[in-house]
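**Q** Next input, structure requested:
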Amino acid sequence: MPEDLSRLCIHTITTKPWPLEVAVDKYAAAGVGGISIWDDAATDIGIPRTRQILDGSPLQVVSYVRGGFFPNHNREARQHSLDNNRRLIDDAAEIGAPLLVLVCGAEPRQSLEESRRQIQAGIEALIDHSAGCGVKLAIEPLHPMYADTRSAINTLGQANQMAEAIDHVQVGIAVDVYHLWWDDRLEHEIQRCGANDNLYAFHICDWKVPTQDMLLDRGLMGEGCIDVPLIRSWVEAGGFRGFHEVEIFSNTYWSMDQDEFLKRIITAYRNFS
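**A** Numbering: from 1, shown residues only. Presented below is the predicted three-dimensional model:
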């Protein structure tokens, strides 16, 4: 179990009620090592102000969240998505984030196979721009319950296949335990991901039982059914030495005192990660 917080990263969405400046100060004061910035937290105050806040903090910026949403049955909409992703890459570079996490999207008016083709084409179209900005791209596979509109990439195997087909150092994978814990091939696919040096991010939380909301009821590590330490051991056996990123969407936790919630995050990280 982790003894210090140097590899703990918290996503700003986790403590959503806090403005970015407050979150940065609170995380740093607690000894947290890293922060991942959600685009709403940055655009609410502007990218220059975001950079100013982060430059004044000891926190390491781990990633910018979230790009993607490539598929659409309309060509103009797909082009708009690419333009938006280029803007997000620019913003990530400006705030000093080395990685843009991609929630790849899906289009219910077409097959999953077609959506996956459009996702790969979209990512490939961004490689030159992302390389020029020094920002890598991470495909994040999402749980199959989101295959309708949020992502046609639903297993780590699918993400591995796409990353290997693209075969570029700019493109890797974000492993999120919430989306992947159920997969009986997860250990194998993590090994595959690590063998190809494609493991770019590791997100942690827990799956509460019963889950009250499939989007907004994630749990703290240790209060659900995900064996986070086991998955962490697979990730580290695959060569990953990056941050453990706590990403929790929870109406329950957003409604409580955020200072108390931060204490709970740290306790859960130390005891159940």
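
**Q** Hmm, residue 220 and residue 252 touching each other?
**A** No. The criterion here is C-beta atoms under 8 Å, and residue 252 misses it with residue 220 at 10.2 Å. All C-beta atoms are positioned from the backbone trio N, CA, C, and that covers glycine.

**Q** and those two? which has more neighbours close in?
**A** When residue 252 and residue 220 are compared for neighbours, residue 220 comes out ahead with 24 against 15, by other C-beta atoms under 10 Å.

**Q** That one: what's it in contact with?
**A** 205, 206, 248, 253, 264, 265, 268, 272 (C-beta atoms under 8 Å, 6 or more residues apart in numbering).

**Q** again, but for residue 264
**A** Taking C-beta under 8 Å, 6+ apart as the test, what residue 264 contacts is residue 220.

**Q** What strand or helix carries it?
**A** helix 258-272 (DSSP states H and E).

**Q** which of the residues in that helix are buried?
**A** By neighbour count on 16 or more other C-beta atoms under 10 Å, the buried set for helix 258-272 is 258, 261, 262, 265, 266, 268, 269, 272.

**Q** give me the beta-bridge partners of the one residue sitting closest to the centre of the chain?
**A** By C-alpha atoms, centre = their mean, the chain has its centre lying nearest to residue 101, at 5.3 Å. Beta bridges link residue 101 to residue 65, residue 138 when assigned by DSSP bridges.

**Q** Next, residue 35: phi, psi?
**A** With angles defined as degrees, to the nearest 10, residue 35 sits at phi -140, psi 140.

**Q** which residue packs closest to it, ignoring adjacent ones?
**A** Computed as C-beta to C-beta, 6 or more residues apart in numbering, the closest residue to residue 35 that is not its neighbour in sequence is residue 59, at 4.6 Å.

**Q** Quick check, pLDDT for the one you found.
**A** pLDDT, residue 59: 98.

**Q** residues near residue 209, how many?
**A** Neighbour count for residue 209, taken as other C-beta under 10 Å: 9.

**Q** so which helix or strand takes in it?
**A** Judged by DSSP H and E, residue 209 forms part of no helix or strand.

**Q** quick one: it and residue 226 touch, right?
**A** No. Counting by C-beta under 8 Å, residue 209 does not reach residue 226; the two are 10.1 Å apart.
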